[in-house]
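Undergrad: the sequence and its predicted three-dimensional model are supplied below.
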Amino acid sequence: MVKKPNNIQFIASLPPITSAISVSGMSEGARIKLDIPQSELYAIIQLQLLCGQAFKVTIEPIESKKNGR
C-alpha cells in the first residue's frame, strides 16, 4: 500500500499561455496548468498519489530571478 503525503510543497509558475487558466463554460469550475521545474520532481510524484482526491491549494508568491519580483 502506498502512503499518501500529508503536505506537498513545490515551486511552480503559471505558463505564459492563454490556456493557463481555463474556466468552464458550463459552470463546472476551472482547470489550472502549472510549469514545475525538474528540481521539484519528488513533489510532482507525491502529487500524482492524490489523483482523484480533493485537496486544498494555497498560493504563496515568492521572489524569483526569472520574473524579477
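TA: Alright, I've got the coordinates. Numbering: from 1, shown residues only.
Undergrad: for the chain, which segments count as strands?
TA: Ranges of strands in the chain, per DSSP state E, are 21-23, 30-32.
Undergrad: what separates the first one from the chain centre, distance-wise?
TA: For strand 21-23, the separation from the chain centroid amounts to 14 Å (computed by Cα atoms, centre = their mean, to the nearest Å).
Undergrad: sorry, back to before: and the strands of the chain as JSON lines, adding mean pLDDT?
TA: Rendered in JSON lines, the data for the strands of the chain read as follows (pLDDT from 0 to 100):
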{"stretch": "strand 21-23", "mean pLDDT": "94"}
{"stretch": "strand 30-32", "mean pLDDT": "94"}
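Undergrad: need those strands in TSV (columns: distance to F10).
TA: Just so you know, the C-beta spots here come from the backbone N, C-alpha and C atoms, and that holds for glycine as well. Conversion of those to TSV gives the following (distance: least, Cβ to Cβ, whole Å):
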stretch	distance to F10
strand 21-23	18
strand 30-32	14
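Undergrad: want to throw those into JSON lines with distance to T58 and mean neighbour count?
TA: Formatted as JSON lines, these follow (distance: least, Cβ to Cβ, whole Å; neighbours: other Cβ atoms under 10 Å):
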{"stretch": "strand 21-23", "distance to T58": "17", "mean neighbour count": "11"}
{"stretch": "strand 30-32", "distance to T58": "13", "mean neighbour count": "10"}
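Undergrad: and of those, who's closest to A54?
TA: strand 30-32 (14.5 Å; Cβ to Cβ).
Undergrad: parallel or antiparallel, list what pairs with the closest one.
TA: strand 21-23 (antiparallel) (DSSP bridges).
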